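Peer 1: any chance you can model this:
(chains A and B)
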Amino acid sequence: AQSVTQLDSHVSVSEGTPVLLRCNYSSSYSPSLFWYVQHPNKGLQLLLKYTSAATLVKGINGFEAEFKKSETSFHLTKPSAHMSDAAEYFCVVSMNTGFQKLVFGTGTRLLVSP
Amino acid sequence: EPEVTQTPSHQVTQMGQEVILRCVPISNHLYFYWYRQILGQKVEFLVSFYNNEISEKSEIFDDQFSVERPDGSNFTLKIRSTKLEDSAMYFCASRDRGSPGWAEAFFGQGTRLTVV
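Peer 2: Numbering: from 1, shown residues only, chains lettered A, B, ... in the order given. This is a model prediction of the structure:
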């Protein structure tokens, strides 16, 4: 079975500084990995996805993530945080076969201060 | 851009009542899902649906829950007799197979269900 661990429940950064949200996954097969963002009282929006193509994936709003199989990690980064980045971020794993469901991590709340 | 739509956005119901949450997935998608998020907690899988039948369900999805796709466009989640602990945000999602690997799931904006 697949699972996801988000190592930090909260991350606080200052506007203009780098963002790092950590995610480790466990999967028996070649996984697909996603990062979704949820702004307060909003739905889930896809930031980026890895589906066995390039290991460095670029997403919307300047975010990117690198798939590292040897470390079973898929950390999310952004060079410079913006106030509008404050939200809950979910790392999500799915197997590449069958009708596999998405399995969510527990989420990381990103706080951005001026 | 195509999107998944859910109605209603908010639903308040009395304990023991039946509720139906409605979703219109993206038209050419083949796989459909319901997830829920209790306030302050993680997003939990409820059920997946393909080819007019349930393909997988979680322990949460007991006999009080059912899903159907009655007319080829709507995808509904029914809770027969609501409990206080059913209060949550319910998300519908749809997905096409995509290539390579799996495409992302597109989520609706959610229905906030409050059981009183």
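Peer 1: residues contacting A:K49?
Peer 2: A:32-35, A:57, A:59, B:104 (Cβ atoms under 8 Å, 6 or more residues apart in numbering or on different chains). Using the backbone N, CA and C atoms, a C-beta is placed for each residue, glycine as well.
Peer 1: and it, what helix or strand is that in?
Peer 2: Assessed by DSSP states H and E, A:K49 sits inside strand A:45-50.
Peer 1: ok so, going back, okay, and which of the contacts of A:K49 map to helices?
Peer 2: Per DSSP state H, helices hold no members of those.
Peer 1: confidence-wise, which of those residues comes last?
Peer 2: Least confident by pLDDT among the contacts of A:K49: that is B:E104, with 82.
Peer 1: right, and that residue touches A:L46 too?
Peer 2: Yes. Using Cβ atoms under 8 Å, B:E104 makes contact with A:L46 at a distance of 4.9 Å.
Peer 1: the two: who's more crowded?
Peer 2: For B:E104 and A:L46, the more surrounded residue by other Cβ atoms under 10 Å in any protein chain shown is B:E104, and the numbers stand at 20 against 17.
Peer 1: and the more buried one, its phi and psi?
Peer 2: phi -70, psi 160 (degrees, to the nearest 10).
Peer 1: now it: how far from B:I79?
Peer 2: 27 Å (Cβ to Cβ, to the nearest Å).
Peer 1: closest one to A:S113 out of the contacts of A:K49, please.
Peer 2: A:W35 (22.0 Å; Cβ to Cβ).
Peer 1: show me how far the strand holding A:K49 is from its chain's centre.
Peer 2: 8 Å (Cα atoms, centre = their mean, to the nearest Å).
Peer 1: average pLDDT for it, rounded please.
Peer 2: 92.
Peer 1: hey, where'd the strands end up in chain B?
Peer 2: Using DSSP state E, the strands of chain B run over residues B:5-7, B:10-13, B:19-24, B:31-37, B:43-50, B:53-57, B:65-68, B:75-79, B:88-95, B:106-107, B:111-115.
Peer 1: mind putting these into JSON lines with mean pLDDT?
Peer 2: Below are the strands of chain B laid out as JSON lines (pLDDT from 0 to 100):
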{"stretch": "strand B:5-7", "mean pLDDT": "95"}
{"stretch": "strand B:10-13", "mean pLDDT": "97"}
{"stretch": "strand B:19-24", "mean pLDDT": "97"}
{"stretch": "strand B:31-37", "mean pLDDT": "94"}
{"stretch": "strand B:43-50", "mean pLDDT": "92"}
{"stretch": "strand B:53-57", "mean pLDDT": "91"}
{"stretch": "strand B:65-68", "mean pLDDT": "96"}
{"stretch": "strand B:75-79", "mean pLDDT": "97"}
{"stretch": "strand B:88-95", "mean pLDDT": "94"}
{"stretch": "strand B:106-107", "mean pLDDT": "92"}
{"stretch": "strand B:111-115", "mean pLDDT": "97"}
